[in-house]
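Engineer: What follows is a protein structure lacking sequence information:
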């Protein structure tokens with residue numbers, strides 16, 4: 001059910017979204033931990049996206065029949081292929097509500113989705129996801145089939161258990177064509193891991209990182225930040241990532257959103273459980289001792305400015321310095337092919353190849369480009385929307401999509417949207 005909402009300056013001098021439903025009454029949720037002026041200024045360089053060239057038909061409107069339809073205002077950049085609903089963890093927080101029981105997506109359906117994506121604006125950057133995709137033994141075949149159709153970037157979203165526990169597996173993934181491992185990495189404190197993931201995982205995560213580095217497989221650490229649990233771990237995770245750079249290319253934060261299985265958030269507490277962009281940037285600056293400043297970051301690219309934040313740094317030895325902010329910045333700072341190239345270059349293992357240009361050896365320039373990429377460290381974050389703060393103006397700008405058998409592509413937040421009882425809008 002769609003209802004009107006308003007963005008207001010609350011009594012706490014923070015920005016809220018207020019809604020009134022004729023069935024459930026009025027409620028509000030925090031959207032910005034700062035005043036209205038800072039809220040508006042964050043999006044002052046926001047620029048419109050480019051509508052998808054191959055939009056699908058829709059009749060009900062957002063978000064009820066999303067699929068990058070005629071109302072959508074951005075092309076896709078990254079597409080998640082959920083290869084399995086099986087997982088070797090049962091995390092108290094999980095977008096997909098995954099667990100030990102589940103099914104694998106048939107290879108025939110993967111091929112069909114690849115072909116649909118190519119016919120509708122692809123190739124895109126592919127995120128191999130789940131569940132836990134390493135539960136499958138045919139990732140090499142899945143990547144090979146994608147490459148045959150023109151896809152070049154394959155990010156593996158993983159909890160790292162198999163990478164840590166199986167000798168040679170990281171090298172096998174690299175050989176199979178994995179470009180980068182997006183590694184779940186919430187904390188360096190096992191008591192926190194126990195609360196968020198149901199297991200003590202510190203040694204396992206560290207071993208997974210080291211195995212990837214030894215294999216030459218780039219890693220991005222991905223912490224879910226839950227209020228009252230691991231807010232104080234942000235600086236420690238960044239320090240760990242810097243110590244393992246350039247093998248670890250950066251950190252991509254995901255403040256907790258209330259969808260899927262989310263057993264640690266009490267939405268009745270309103271402001272207490274929601275972490276917004278200003279709070280994240282304040283915590284980053286405080287916990288790095290000013291090494292990384294809130295002013296280093298900007299938000300949004302083709303997606304809404306209120307969906308993300310991003311900064312890039314040049315790391316030389318133990319020193320880092322912020323690179324110039326872009327007007328359009330996030331994990332995918334500009335639309336279409338430029339966005340995909342940015343991701344594959346900065347987070348992947350794409351290396352410049354020595355070449356000849358008009359008889360001139362360009363290998364020295366290629367090495368310069370490689371060193372520039374290797375010395376860059378990125379810090380970013382994505383704030384996913386849930387039923388409490390879903391904003392159609394943001395949703396229509398989304399260019400992170402879930403591959404779906406019925407709709408082709410569905411914006412990530414719409415696909416994972418669940419109501420207060422856990423019932424999903426799209427997810428089967």
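Structural biologist: Thanks, I have the structure now. In this text the structure is predicted, and so the values were computed from the model without any measurement.

Engineer: CA atoms for contacts and neighbours, from now on please.
Structural biologist: Noted.

Engineer: show me what contacts residue 85?
Structural biologist: 96, 98, 99, 101, 102, 103, 104, 130, 131, 132 (Cα atoms under 8 Å, 6 or more residues apart in numbering).

Engineer: out of these, which are buried?
Structural biologist: The neighbour count (16 or more other Cα atoms under 10 Å) marks 96, 98, 99, 130, 131, 132 as buried among the contacts of residue 85.

Engineer: So among the residues you listed, where is pLDDT lowest?
Structural biologist: In this model, the minimum pLDDT among the buried ones among the contacts of residue 85 belongs to residue 99 (73).

Engineer: for that residue, what are its contacts?
Structural biologist: 85, 86, 87, 88, 89, 90, 131.

Engineer: Serialize those to a markdown table and add fields for distance to residue 70.
Structural biologist: Putting the contacts of residue 99 into a markdown table (distance: Cα to Cα, whole Å) gives the following:
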| residue | distance to residue 70 |
| --- | --- |
| 85 | 30 |
| 86 | 34 |
| 87 | 35 |
| 88 | 39 |
| 89 | 38 |
| 90 | 38 |
| 131 | 30 |
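
Engineer: Can you pull out the low-pLDDT segments for the stretch 251-400 of the chain?
Structural biologist: Within the stretch 251-400 of the chain, the ranges that satisfy pLDDT under 70 run 264-272, 301, 326-372.

Engineer: how about a cut-off of 90?
Structural biologist: Applying pLDDT under 90 to the stretch 251-400 of the chain picks out residues 257-274, 299-304, 316-319, 324-375, 386-400.

Engineer: Out of the contacts of residue 99, give me the one that has the most neighbours.
Structural biologist: residue 131 (29 neighbours; other Cα atoms under 10 Å).

Engineer: Sticking with that residue, tell me its helix or strand.
Structural biologist: Residue 131 is located outside every helix and strand, with elements delineated by DSSP states H and E.

Engineer: looking at it, it is touching residue 101, isn't it?
Structural biologist: No. Counting by Cα atoms under 8 Å, residue 131 stays clear of residue 101, with 10.1 Å between them.

Engineer: Which neighbours do those two have in common?
Structural biologist: With Cα under 8 Å, 6+ apart, residue 131 and residue 101 have common neighbours 85, 86, 87.

Engineer: residue contacts, the second one?
Structural biologist: Neighbour list for residue 86: 98, 99, 100, 101, 102, 103, 104, 130, 131, 132, 135 [criterion: Cα under 8 Å, 6+ apart].

Engineer: Also the last one?
Structural biologist: The neighbours of residue 87, taking Cα under 8 Å, 6+ apart as the test, are 98, 99, 100, 101, 102, 130, 131, 132, 133, 135.

Engineer: of all these, which two lie farthest apart?
Structural biologist: Farthest pair in the contacts of residue 87 (Cα to Cα) is 101 and 133. Separation: 13.7 Å.

Engineer: Dig out what residue 82 forms beta bridges with.
Structural biologist: Counting by DSSP bridges, residue 82 forms beta bridges with residue 129.

Engineer: What's the local residue count around it?
Structural biologist: Using other Cα under 10 Å, residue 82 has 21 other residues around it.

Engineer: Could you do residue 387 as well?
Structural biologist: Residue 387: 16 neighbours (other Cα under 10 Å).

Engineer: go on, the one 10 residues further on?
Structural biologist: Burial of residue 397, expressed as a neighbour count using other Cα under 10 Å, amounts to 27.

Engineer: What distance do you get for the closest residue to it other than its chain neighbours to residue 175?
Structural biologist: The shortest distance from residue 397 to any non-neighbouring residue, by Cα to Cα, 6 or more residues apart in numbering, is to residue 303 (4.7 Å). As judged by Cα to Cα, to the nearest Å, residue 303 and residue 175 stand 33 Å apart.

Engineer: The two: which has the busier surroundings?
Structural biologist: The neighbour comparison of residue 303 against residue 175 (other Cα under 10 Å) goes to residue 303, with 33 against 13.

Engineer: ok, the residue nearest in space to the middle of the chain to residue 252 distance?
Structural biologist: For the chain, the residue nearest the mean C-alpha position is residue 382 (5.8 Å; Cα atoms, centre = their mean). As judged by Cα to Cα, residue 382 and residue 252 stand 8 Å apart.

Engineer: correct me, but residue 404 touches residue 414?
Structural biologist: No. Using Cα under 8 Å, residue 404 is not in contact with residue 414; the gap is 11.7 Å.

Engineer: Of the two, which one has the most company?
Structural biologist: Using other Cα under 10 Å as the criterion, residue 404 and residue 414 rank with residue 414 on top: 29 against 18.

Engineer: just checking, that one touches residue 61?
Structural biologist: No. Taking contacts as Cα under 8 Å, residue 414 lies outside contact range of residue 61: 11.9 Å.

Engineer: returning to what we had before: assign a three-state SS to the residue nearest to residue 397, would you?
Structural biologist: Assigned by DSSP: H, G, I helix; E, B strand; the rest coil, the conformation of residue 303 is coil.

Engineer: how about it, what does it touch?
Structural biologist: 49, 74, 394, 397, 398, 399.

Engineer: export those to TSV and tack on distance to residue 211?
Structural biologist: Shown next, in TSV, are the contacts of residue 303 (distance: Cα to Cα, whole Å):
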residue	distance to residue 211
49	39
74	37
394	38
397	37
398	34
399	31
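
Engineer: Could you tell me which of those belong to helices?
Structural biologist: If you go by DSSP state H, those have residue 394 in helices.

Engineer: what about stretch 289-296, how long is it end to end?
Structural biologist: Terminal residues of stretch 289-296 lie 14 Å apart, using Cα to Cα.

Engineer: So what touches that stretch?
Structural biologist: Residues from elsewhere that reach stretch 289-296, judged by Cα under 8 Å, 6+ apart: 281, 282, 284, 285, 311, 320, 322, 323, 324, 325.
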